[in-house]
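>>> Quick one, what's the 3D model for this:
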Amino acid sequence: MKKFTAIFLATCMMASCLIGCGSKSTESSSNETPATEPASTEEDKTAEPAADDASGENPTVTLRIAHQSAETEGIAMAFEKFKDELEAANVGFEVTIYPAGQLVASDRDSIEAVTLGEVDVTSVADIQFSSTVSAFYLFNAEFLFDSIDDAYDAFYKEGLFDKLAQATTDANVGCEVASIWANGGRTLWTTGKEVRSADDMKGLPLRCAENEINIAEMEALGAVPVSMAWNEIYTGLQQGTVNGLFSTKSAIVQQGMTAALDYCIDTNHSFGHAITLMNTAKLNSLTGAQREAYDNALKVATEYQWDLAREAEASIDARIEEEVEYIHLTDEERAAMAEIMVGATEDMVKELLGDDAAILDSVRGN
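Numbers count the residues shown, from 1 in each chain. Below is the predicted model:
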């Protein structure tokens, strides 16, 4: 009887593996499925965690994490922390990380890969995920947060993370928002002219991405938007084609562009974020013990990443003070700039958000 039972169980396990392999092949064979289309079923979205097996042991779960960050950057370091915490839990996780664009060369690649199950975990820029889940158009809005700490509180103490995660689950696109990590603030950079108000920006040619919201706010400030690719900016500043730009502090400092700039104006009108995504089907395949370990590992990695972001922001600020004149706006000057920029773009952002516009209202306190 014991021999028959063992043979029966082995046969069932082989059949289950064959069925699972067949399903995966069918799902990932469609190269024409865009990242914005659902890659999971309604059952995937609502599935309960998989049950632990009768022996109390957890099946081995292989997690493939792929991202674009260099291994020395905070995002990459946080993924390493996540991996360490998962494997230390000793509940069956085997994690492999592919950093620096080894498997995913762009945010679009990352979104498509995680929704189709070609990778299990990835991260993308907040704005880039908006074409997949409209709630993320929220990050087109200016002056949402006053600082990194203010952003952290909004996400994890005031419920914003939960709203964005639920919007993603409801969209049923094949992935879930696992966490939101920090990328630092954006400021105004200029050469040849100190800026403290919109009056100082009148007629000032500023590099602008081809984005209707960015164009609208620059025009409202009185500046002249100049479309220019990122790799042309340094030369454009040297030649006077443009006299400044809005950009993240880290990008300007780390790429040595302060050599062509004179001023950094601490508008801090927006903060970038990395959206960490997990494939829905893989998440739902976890046992109860594995899901608990996953949640705990995410919490540890998230706190670690935000701490790294705070340290990086302080370090970048110190370098800015050394390399250019760092102009710190008064509360009144920043509020005046915010009134103009938000006034010129808020309705545009709400139109993009559609039914999710209530999320923006909740952040504004309306």
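>>> Tally up the residues packed near residue 284, please.
18 (other CB atoms under 10 Å). Bear in mind the C-beta positions are built from the backbone N, C-alpha and C, glycine included.
>>> Show me the shaky parts of the stretch 51-200 of the chain.
Low-confidence segments of the stretch 51-200 of the chain, defined by pLDDT under 70: 51-56.
>>> what about 90?
Low-confidence segments of the stretch 51-200 of the chain (pLDDT under 90): 51-57, 184.
>>> Repeat that for the stretch 251-366 of the chain.
Checking the stretch 251-366 of the chain against pLDDT under 90 turns up 254, 366.
>>> in the stretch 101-250 of the chain, which spans are strands?
For the stretch 101-250 of the chain, the strands defined by DSSP state E, counting those that start in this stretch occupy 121-125, 175-190, 205-208, 224-227, 244-248.
>>> okay, those strands in TSV with mean neighbour count next?
Converted to TSV, these look like this (neighbours: other CB atoms under 10 Å):
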stretch	mean neighbour count
strand 121-125	26
strand 175-190	24
strand 205-208	21
strand 224-227	16
strand 244-248	22
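>>> Show me what counts as buried in the lengthiest helix in the chain.
Longest helix in the chain, counting residues (DSSP state H): helix 288-323. Neighbour counts over helix 288-323 (16 or more other CB atoms under 10 Å) mark 289-291, 293-294, 297-298, 300-302, 304-306, 308-310, 312-313, 316-317, 319-320, 323 as buried.
>>> Could you look up the SS state of residue 63?
strand (DSSP: H, G, I helix; E, B strand; the rest coil).
>>> I'd guessed it sits against residue 117; true?
No - at 11.7 Å, residue 63 does not count as touching residue 117 under the criterion of CB atoms under 8 Å.
>>> what residues go with each domain of the chain?
Under the assignment automatic domain parsing, the domains of the chain span 58-183+271-314, 187-270+324-359.
>>> most neighbours per residue, which of these?
domain 58-183+271-314 (a mean of 20; mean count of other CB atoms under 10 Å).
>>> what's the span of that one from first residue to last?
End-to-end distance of domain 58-183+271-314 (CA to CA, to the nearest Å): 43 Å.
>>> And stretch 137-145, by the same measure?
15 Å.
>>> And stretch 225-235, by the same measure?
17 Å.
>>> could you give the mean pLDDT of that stretch?
Averaged across stretch 225-235, pLDDT comes to 95.
>>> Grab the nearest non-local neighbour of residue 160.
residue 154 (4.7 Å; CB to CB, 6 or more residues apart in numbering).
>>> quick one: the one you found and residue 148 touch, right?
No - with contact taken as CB under 8 Å, residue 154 and residue 148 are classed as non-touching, separated by 10.8 Å.
>>> Looking at the domains of the chain, spot the one closest to residue 366.
Counting by CB to CB, residue 366 lies closest to domain 187-270+324-359 out of these; the figure is 9.0 Å.
>>> Save the domains of the chain as JSON lines, and put in distance to residue 366 too.
Listed next are the domains of the chain as JSON lines, based on distance: least, CB to CB, whole Å:
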{"stretch": "domain 58-183+271-314", "distance to residue 366": "12"}
{"stretch": "domain 187-270+324-359", "distance to residue 366": "9"}
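>>> how much space is there between residue 163 and residue 178?
15 Å (CB to CB, to the nearest Å).
>>> go on, residue 59?
Counting by CB to CB, the gap from residue 59 to residue 178 is 21 Å.
>>> can you check residue 125 too?
From residue 125 to residue 178 the distance is 15 Å (CB to CB).
>>> do the same with residue 343
In this view, residue 343 and residue 178 are 35 Å apart by CB to CB.
>>> ok, now residue 264?
From residue 264 to residue 178 the distance is 33 Å (CB to CB).
>>> Also residue 96?
Relative to residue 178, and taking CB to CB, residue 96 is found at 17 Å.
>>> The residue nearest to residue 160: what's it in contact with?
Residues near residue 154 by CB atoms under 8 Å, 6 or more residues apart in numbering: 144-145, 160, 363.
>>> Which one of those is nearest to residue 334?
residue 145 (12.6 Å).
>>> need the helices for the stretch 51-200 of the chain, in chain order.
74-88, 107-116, 148-156, 160-171 (DSSP state H, counting those that start in this stretch).
>>> would JSON lines of those with distance to residue 334 be doable?
Formatted as JSON lines, the helices of the stretch 51-200 of the chain follow (distance: least, CB to CB, whole Å):
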{"stretch": "helix 74-88", "distance to residue 334": "26"}
{"stretch": "helix 107-116", "distance to residue 334": "30"}
{"stretch": "helix 148-156", "distance to residue 334": "13"}
{"stretch": "helix 160-171", "distance to residue 334": "22"}
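>>> between these, which gets nearest to residue 212?
Per CB to CB, nearest to residue 212 of those: helix 107-116, 19.6 Å.
>>> looking at it, residue 167 is touching residue 356, isn't it?
Yes - contact criterion CB under 8 Å: residue 167 and residue 356 qualify, at 6.1 Å.
>>> which neighbours do the two share?
Common neighbours of residue 167 and residue 356 (CB under 8 Å, 6+ apart) are 134-135.
>>> ok, residue 79 touching residue 67?
Yes - in terms of CB under 8 Å, residue 79 counts as a neighbour of residue 67; the distance is 6.3 Å.
>>> Now do the shared contacts for those two.
When CB under 8 Å, 6+ apart defines a contact, the residues bordering residue 79 and residue 67 alike are 97, 99, 123.
>>> The helices of the stretch 51-200 of the chain: which one's closest to residue 190?
That would be helix 148-156 among the helices of the stretch 51-200 of the chain, by CB to CB, at 23.4 Å.
>>> Could you list the alpha-carbon positions for that closest one in CSV?
The C-alpha coordinates for helix 148-156 follow below in CSV (Å, rounded to 0.1, in the frame of the first residue of the first chain):
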residue,chain,number,x,y,z
ILE,A,148,11.4,62.9,0.7
ASP,A,149,10.0,62.5,4.2
ASP,A,150,6.7,64.1,3.2
ALA,A,151,6.5,61.7,0.3
TYR,A,152,7.2,58.7,2.5
ASP,A,153,4.5,59.7,5.0
ALA,A,154,2.0,60.1,2.1
PHE,A,155,2.7,56.6,0.8
TYR,A,156,3.1,54.6,4.0
